[in-house]
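>>> predicted structure and sequence below. I'll ask about it afterward.
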Amino acid sequence: MQKRPNSRSGREPRYRHTAAAVAIGRRIVGGEWQPGRALPPEETLSRELTVSRSSLREAIKLLAGKGLVHSAPRRGTVVRALGEWNLLDADVLSWHSEQGLSAEFVQGLFELRGMIEPEAAALAAERGDAAGHGEIAAALAAMAAAEAQSPSSVAADLAFHRAVLVTSRNPFLAALSPAIEASLSLSFHASRTTGNLDHLIPLHAAVTDAILAGDGDGARRAMRHLLVRSERDALSAVAAGLGGGEVHASAADHEELQDNVQGRTQ
């Protein structure tokens, strides 16, 4: 069996145990191996995936780090309960999106965003410095210059929300940025599939204007308004069957995953 290429880029994962982790992770998240079930024996799985046992063990370590599996005495490698999965991991989100997004999944993502981003916007308005405000304004300008459904527009949108988190000057919010970015990417993928996106720039501009004016309450309200409309767009896309696909980051080119692999193989 040949290694499965990254469906987004067409490239194969750089490391064989990374490819094995992708193959196993997709099958777990896709429901082939349910929580509580043991994976096939090591010999069987390594033969099926055409990797050595040592590579398979490294793949299992990567998946354990994502909360998907654990070792159980006399049972081998067992799939963990869904509540123990690291659902904000970029690869886990990607594998979820490949199965098609559900309304419940999208609503959960937006509930998370609603708990964090309005307050981050308020703090960015009240505490942010000129450099942070400049990054937010620059990201908005990049969004305005790009076609709404293009990758460059999505990248600018990610940069906008990242800048808001960092400009809050709360180190804990800033530390959440990589994890939140994965969920943002997935929710953007769903919401950008709707036809009319004329509201995209005005909603982000309202957030930007309030932040630059130092209006914390206004920034909070504007971000909430943006999220409500974005969730509506995403749920409409899911209802129309348009919310499948992959998130921006995928297992084959996810730098953090590759760095972990390099560290174990040196």
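Right, received. Where do you want to start? What you are looking at is a predicted structure, and each value in this text was computed from that prediction instead of being measured.

>>> and residue 81, how many neighbours?
Residue 81 is flanked by 9 other residues according to other Cβ atoms under 10 Å. Every C-beta, even on glycine, is put in place using the N, C-alpha and C of the backbone.

>>> and what of residue 74?
5.

>>> change the start of the numbering to 534 and stick with it
That works, and once the first residue is 534, the last one we named lands at residue 607.

>>> pretty sure it belongs to a strand, no?
No - counting by DSSP: H, G, I helix; E, B strand; the rest coil, one finds residue 607 to be coil, located in no strand.

>>> contacts only, for residue 573.
For residue 573, the contacting residues are residue 581, taking Cβ atoms under 8 Å, 6 or more residues apart in numbering as the criterion.

>>> how about the one 3 residues further on?
For residue 576, the contacting residues are residue 586, by Cβ under 8 Å, 6+ apart.

>>> try 10 Å
Taking Cβ atoms under 10 Å, 6 or more residues apart in numbering as the contact definition, residue 576 lies against 586, 589.

>>> if I look at it, how far off is residue 565?
Computed with Cβ to Cβ, to the nearest Å, the distance linking residue 576 and residue 565 is 19 Å.

>>> show me where the protein has its helices.
With DSSP state H applied, the chain shows helices at 549-562, 575-582, 586-598, 623-631, 636-660, 663-678, 684-700, 704-708, 710-724, 733-745, 749-772, 788-798, listed in chain order.

>>> can you redo those helices as JSON lines with mean pLDDT and distance to residue 607?
As requested, the helices of the chain are exported to JSON lines (pLDDT from 0 to 100; distance: least, Cβ to Cβ, whole Å):
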{"stretch": "helix 549-562", "mean pLDDT": "94", "distance to residue 607": "21"}
{"stretch": "helix 575-582", "mean pLDDT": "93", "distance to residue 607": "14"}
{"stretch": "helix 586-598", "mean pLDDT": "95", "distance to residue 607": "17"}
{"stretch": "helix 623-631", "mean pLDDT": "84", "distance to residue 607": "27"}
{"stretch": "helix 636-660", "mean pLDDT": "93", "distance to residue 607": "34"}
{"stretch": "helix 663-678", "mean pLDDT": "97", "distance to residue 607": "53"}
{"stretch": "helix 684-700", "mean pLDDT": "93", "distance to residue 607": "45"}
{"stretch": "helix 704-708", "mean pLDDT": "85", "distance to residue 607": "39"}
{"stretch": "helix 710-724", "mean pLDDT": "74", "distance to residue 607": "35"}
{"stretch": "helix 733-745", "mean pLDDT": "97", "distance to residue 607": "55"}
{"stretch": "helix 749-772", "mean pLDDT": "92", "distance to residue 607": "42"}
{"stretch": "helix 788-798", "mean pLDDT": "36", "distance to residue 607": "26"}
